[in-house]
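Novice: Kindly generate the corresponding structure for this input.
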Amino acid sequence: YTLDIKAGSAAGATVASYTAPLSAFSGQALAVLASGLFGGTDDATKFALVAFPVTGGQGVVLPVTTAKVQVIHNSPGAPNVDVWINGSTVPGLTNVPFRVASPFLDVPVTPAPTTVQIAVAGTTNIVSTDQVTLSPNTSYRAIATGIVGSTVAGQGFAVTYSAAATANTTNTGLDIYHSSPNAPAVGVVARGVATLVSSFAFKDAPTFVAVPSNLYTIDIKAGNATGATVASYTAPLALFPNQNIAVIASGIFGGTNPATSFGLVAFPAGGGEGILLPVATAKVQVIHNSPGAPAVDVWINGSTVAGLTNVPFRVASPFLDVPVTPAPTTVQIAVAGTTNIVSTSTVTLNPGATYRAIATGIVGSTVSGQGFTVNYSAANISTTTGNTRLDIYHSSPTAPAVGVVAKGVTTLVGSFDFLDAPVSVSVPVSVYYLDINAGNAAGATVATYTAPLSGFADQALAVVASGLFGGSDDATKFALVAFPVSGGV
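Specialist: Modelled structure (predicted):
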């Protein structure tokens with residue numbers, strides 16, 4: 001039972017509440033005494049309800065009735081804070097920085113309503129005071145959100161209160177909150193699985209959903225669950241089996257400060273620093289394979305990319321993590337050190353997938369099919385122990401269709417032409433002699449190359465037919481060029 005002590009009479013205001021676990025006293029008689037000094041502060045003598053069984057002995061002090069409250073600092077740009085409950089600071093809730101949460105704390109439900117105050121850390125400068133009525137044995141989250149000092153309607157500092165899901169024993173339970181003050185209404189979708197939130201706006205009630213504890217790609221959709229994807233995140237829920245967590249849209253939408261910019265943040269029930277869910281990415285290797293072209297810079301979504309500036313012919317990047325949103329991804333090639341964009345292309349990338357982007361063709365060529373372009377394809381970088389994985393590309397703009405044969409071993413490529421899809425094969429580590437045959441694998445051999453794969457055990461390579469077929473300039477003439485996944489020359 002929850003026993004309420006009422007002022008004056010049973011119809012009066014509740015001044016204290018206690019939990020009476022009488023299941024422990026089945027078939028017995030108890031004396032329940034209002035004991036101690038009402039309003040006292042000494043734990044040994046302050047007011048309490050105390051039960052005495054007929055057998056006597058130490059009185060059983062009935063516990064004060066509580067609710068459980070988790071407090072989360074989610075106000076971007078706000079200073080560290082102290083949290084006061086009913087006029088006192090709370091252990092573990094002092095000097096709390098942005099994106100840090102308390103565990104679920106036991107908070108007395110009386111006197112009601114409960115007063116929750118937020119103060120600048122280490123001061124009595126109260127920036128927020130709320131009166132909240134808490135129900136016994138119920139869990140809540142109090143989220144400090146909004147922007148301190150904002151004059152934009154609806155974006156100012158506030159503390160939102162909501163019931164929180166209780167224990168989850170089979171899946172991962174998600175309480176999903178929209179707590180980004182300047183973000184529009186959004187939908188939330190677990191890609192390829194289910195809609196988690198159809199649509200909600202800043203400070204709307206959270207949505208609870210329980211899902212198997214797997215790896216998910218979470219898409220944030222403009223407006224509602226059918227809108228355009230504006231951001232995608234990887235949610236490794238296998239880290240939270242049989243738990244309930246808060247997942248909060250947090251920070252400044254469109255912000256550029258990494259400390260406060262928009263993200264999805266997970267807070268487990270035990271509190272602590274929020275876990276920023278990683279932006280969902282694909283891996284992309286960029287290869288400059290355009291003979292005669294100058295060194296280039298590569299821009300992705302309007303920005304240059306570290307490690308992809310001043311890239312010369314026949315040099316590759318490592319596999320870079322590229323966000324899959326906003327989709328499609330915009331890739332631009334510029335003359336190094338300038339804003340002279342020579343190529344703009346868009347490509348839709350899938351989370352966790354691997355791709356190669358090969359700049360190829362001849363800049364300024366008027367020959368049909370030989371002009372500069374960027375060719376995108378899925379990359380296969382998986383390997384078999386003891387083997388080398390070869391992704392074989394025809395990327396020589398002046399070469400005819402060819403077949404590729406490992407002399408005396410097997411056909412690697414029956415026939416492909418410039419810009420055809422690559423062919424992926426896995427071969428035991430050895431030294432191979434690769435015949436380039438005219439037209440197809442049965443054609444006349446026009447060139448043979450030695451492939452010493454013994455140095456590439458358990459690795460993957462891009463093997464690219466590169467340069468100008470029949471050319472005489474050593475820098476740009478036809479060759480087979482291997483690029484490891486780590487990139488380089």
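
Novice: going forward, measure contacts between C-alpha atoms and count neighbours the same way
Specialist: Will do.

Novice: Name the residues that touch stretch 232-249?
Specialist: For stretch 232-249, contacts defined as C-alpha atoms under 8 Å, 6 or more residues apart in numbering pick out 165-180, 213-220, 262-269, 277-280, 324-325.

Novice: Among those, which ones are in strands?
Specialist: Those of the contacts of stretch 232-249 mapping onto strands are 172-178, 215-220, 263-268, per DSSP state E.

Novice: Buried only: go through the residues you listed for me.
Specialist: Among those, those classed as buried by 16 or more other C-alpha atoms under 10 Å are 172-178, 216-220, 263-268.

Novice: residues near residue 331, how many?
Specialist: Close neighbours of residue 331, defined as other C-alpha atoms under 10 Å, add up to 19.

Novice: now it: how far from residue 291?
Specialist: 20 Å (C-alpha to C-alpha, to the nearest Å).

Novice: repeat for residue 50
Specialist: For residue 50, the distance to residue 291 - C-alpha to C-alpha - is 89 Å.

Novice: What of residue 32?
Specialist: Taking C-alpha to C-alpha as the measure, residue 32 falls 93 Å from residue 291.

Novice: got it, and residue 10?
Specialist: Distance, residue 10 to residue 291, by C-alpha to C-alpha: 91 Å.

Novice: ditto for residue 124
Specialist: 69 Å.

Novice: quick one: which of the two has more around it?
Specialist: Taking other C-alpha under 10 Å, residue 124 and residue 291 do not tie; residue 291 has more neighbours (24 against 11).

Novice: So that one, which state does it fall into?
Specialist: For residue 291, the assignment made with DSSP: H, G, I helix; E, B strand; the rest coil gives coil.

Novice: can you pull the contacts of it?
Specialist: 313, 360, 361, 362, 466, 467, 468, 476.

Novice: Specify which member of those is nearest to residue 412.
Specialist: Residue 412 has its nearest neighbour among the contacts of residue 291 in residue 466, at 17.2 Å by C-alpha to C-alpha.

Novice: So the closest residue to the closest one other than its chain neighbours, which state does it fall into?
Specialist: In space, residue 466 comes closest to residue 396 once its chain neighbours are excluded; the distance is 4.7 Å by C-alpha to C-alpha, 6 or more residues apart in numbering. Recorded secondary structure, residue 396: coil (three-state DSSP).

Novice: Residue 396 and residue 478 touch, don't they?
Specialist: Yes. Taking contacts as C-alpha atoms under 8 Å, residue 396 lies within contact range of residue 478: 7.2 Å.

Novice: Tell me which of those two has more neighbours.
Specialist: residue 396 (28 against 23).

Novice: Please tell me the pLDDT value assigned to the more buried one.
Specialist: We have a pLDDT of 96 for residue 396.

Novice: and it, what is it in contact with?
Specialist: 360, 361, 418, 465, 466, 467, 468, 469, 478.

Novice: will you turn those residues into TSV that also has secondary structure and pLDDT?
Specialist: Below are the contacts of residue 396 laid out as TSV (DSSP: H, G, I helix; E, B strand; the rest coil; pLDDT from 0 to 100):
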residue	secondary structure	pLDDT
360	strand	95
361	coil	94
418	coil	95
465	strand	95
466	strand	96
467	coil	95
468	strand	95
469	coil	93
478	coil	95
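
Novice: Turn the residues you listed into CSV, including distance to residue 346.
Specialist: As requested, the contacts of residue 396 are exported to CSV (distance: C-alpha to C-alpha, whole Å):
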residue, distance to residue 346
360, 16
361, 18
418, 21
465, 24
466, 24
467, 25
468, 27
469, 29
478, 29
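
Novice: between those residues, which is nearest residue 383?
Specialist: Among the contacts of residue 396, and counting by C-alpha to C-alpha, the member closest to residue 383 is residue 465, at 21.7 Å.

Novice: Could you find the closest non-adjacent residue to residue 129?
Specialist: residue 117 (4.5 Å).

Novice: Can you report how many residues neighbour that neighbour?
Specialist: The number of residues packed near residue 117 is 22, by other C-alpha under 10 Å.

Novice: does it count as helix, strand or coil?
Specialist: Three-state assignment for residue 117 (three-state DSSP): strand.

Novice: burial count for residue 374?
Specialist: Look at residue 374: counted by other C-alpha under 10 Å, it has 22 neighbours.

Novice: Correction: the previous question concerned residue 320.
Specialist: Burial measure for residue 320: 20 neighbouring residues, criterion other C-alpha under 10 Å.

Novice: Who is it paired with across the strands?
Specialist: Beta-bridge partners of residue 320, counted by DSSP bridges, are residue 284.

Novice: And it, how far from residue 373?
Specialist: For residue 320 relative to residue 373 (C-alpha to C-alpha), the value is 20 Å.

Novice: got it, and residue 472?
Specialist: 23 Å.
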